[in-house]
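> pasting the sequence and the predicted model now:
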Amino acid sequence: MKTTIVKLEDSVGKVLFHDVTRITKAGKFKGTLFKRGHLIQKKDLPKLRKIGREHIYVLELGPDELQEEDGAAKLASLITGTNLRKAKPTEGNVAIISDTNGILKIDVERLDKINEIDGLGIATQHKDRLINSDEKVAVAKVFPLTIKKDQINRATQICENGGPIINVIPLKKMNIGLIITGNEVYHGLIKDEFGPVMKKKIKKLGSTVTKIVFAPDNPKQIVDEILKLKNEGVDLIIATGGMAVDPDDVTLRSALEAKANVEKYGAPVQPGFMFMISYLNNTPLLGIPACAMFYDTTILDLVLPRILAGEKLTRKDITSLAHGGLCLKCKKCTFPICPFGRG
């Protein structure tokens with residue numbers, strides 16, 4: 001790369017090699033003052049001086065080099081997988097945007113390897129979180145004004161072994177069966193408050209509660225309802241309540257008697273310690289503790305979107321929620337823009 005530094009007063013008629021950024025305090029403005037390729041005019045000089053510019057670069061690329069935005073665009077193409085699109089380069093950055101509502105999947109090990117390459121940077125959101133359509137999930141960046149093609153080739157080799165490192169798995173529209181357990185609801189002593197909460201949460205995620213049944217604290221009747229829903233072909237069964245350690249809490253026992261494979265009972269998440277995930281063949285059967293009726297945000301908000309994306313969650317998936325699994329129960333909940341579930 002051949003670099004010439006030109007005084008601002010001598011720069012009229014020269015072409016900018018990179019975006020010029022203007023930043024003001026207190027978050028009022030941060031953006032591009034002049035784009036790459038802009039032909040500097042005399043009227044531009046006061047604006048450039050106001051942002052502290054007294055010189056500009058005039059650069060000539062070598063055959064083994066790329067300009068920063070061209071390098072960032074190539075890097076973004078390497079890492080962008082399914083259900084994602086790339087924005088136009090700006091200020092040496094290329095944003096990666098989701099095309100759908102879904103779960104963000106990131107190969108963190110390979111992400112780290114690329115970020116070890118001098119001159120390249122990729123910033124992402126946390127993996128395994130629910131992403132909305134048109135949401136920015138990552139930004140690819142080249143730090144210097146130019147980057148050696150060899151640096152990009154190293155990133156290419158990392159991505160060739162396993163494909164793009166960032167993908168979004170879309171949510172499916174599932175039919176869900178609810179089993180509301182508890183003598184107090186079954187016998188009409190109190191009004192069911194679990195059903196409406198669950199229906200609202202599930203509807204927001206694009207799926208449907210196709211059937212709600214009620215069962216007393218009787219393992220045989222709960223097993224019967226589980227197997228009926230399974231035979232009716234629902235995609236997911238959720239049993240509410242009965243997850244604690246009292247004698248009348250029999251949901252776990254019922255899942256075992258229904259021959260479900262209990263992947264994990266008890267989760268290192270608060271609210272949600274007494275959560276259960278199990279499978280009847282390939283049909284997920286969840287046991288949801290009463291906290292999901294009381295709190296707006298619980299373990300269910302961490303696992304349900306992933307199940308609706310078709311993931312088969314394992315014991316390890318649940319135990320890995322421990323780091324970041326403590327909800328701070330803020331006066332004003334800002335989930336998912338908060339630390340909960342972001343280990």
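Received, thanks. Because the structure is a prediction, the values reported are computed rather than measured. Numbers count the residues shown, from 1 in each chain.
> okay, which residue is most central for the chain?
In the chain, the centroid-proximal residue (C-alpha atoms, centre = their mean) is residue 129; its distance is 3.0 Å.
> show the pLDDT at the residue lying closest to it once chain neighbours are set aside.
Take residue 129 and drop its neighbours on the chain: the residue closest to it by C-beta to C-beta, 6 or more residues apart in numbering is residue 104, 5.5 Å away. For every residue, glycine as well, the C-beta is placed using N, CA and C. Model confidence at residue 104, given as pLDDT, is 98.
> what about residue 104, how many residues nearby?
Residue 104 is flanked by 23 other residues according to other C-beta atoms under 10 Å.
> over to residue 22?
Neighbour count for residue 22, taken as other C-beta under 10 Å: 14.
> quick one: buried residues of the helix or strand where it lies?
In the assignment (DSSP states H and E), residue 22 maps to strand 20-23. By neighbour count with 16 or more other C-beta atoms under 10 Å, strand 20-23 contains the buried residues residue 20.
> same for that strand, what does it pack against?
The contact analysis (3 or more C-beta pairs under 8 Å, 6 or more residues apart in numbering; DSSP states H and E) places strand 20-23 against strand 30-34.
> list the contacts of the strand it packs on.
Residues from elsewhere that reach strand 30-34 (C-beta atoms under 8 Å, 6 or more residues apart in numbering): 16, 19-24, 40, 44, 47-48, 51, 90-91.
> now render these as a markdown table, adding pLDDT and distance to residue 204.
Listed next are the contacts of strand 30-34 as a markdown table, based on pLDDT from 0 to 100; distance: C-beta to C-beta, whole Å:
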| residue | pLDDT | distance to residue 204 |
| --- | --- | --- |
| 16 | 80 | 46 |
| 19 | 82 | 39 |
| 20 | 85 | 43 |
| 21 | 84 | 38 |
| 22 | 82 | 40 |
| 23 | 83 | 37 |
| 24 | 78 | 38 |
| 40 | 83 | 51 |
| 44 | 87 | 49 |
| 47 | 89 | 47 |
| 48 | 88 | 49 |
| 51 | 88 | 44 |
| 90 | 85 | 33 |
| 91 | 80 | 35 |
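> would you convert the residues you listed into a markdown table that also reports distance to residue 241?
Shown next, in a markdown table, are those (distance: C-beta to C-beta, whole Å):
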| residue | distance to residue 241 |
| --- | --- |
| 16 | 65 |
| 19 | 57 |
| 20 | 61 |
| 21 | 55 |
| 22 | 57 |
| 23 | 53 |
| 24 | 54 |
| 40 | 70 |
| 44 | 68 |
| 47 | 65 |
| 48 | 66 |
| 51 | 61 |
| 90 | 51 |
| 91 | 53 |
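> can I have the buried ones of these as a PyMOL selection?
Typed into PyMOL, the next command selects the buried ones out of the contacts of strand 30-34 (criterion: 16+ other C-beta under 10 Å):
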select buried, resi 16+19+20+40+44+48+90+91
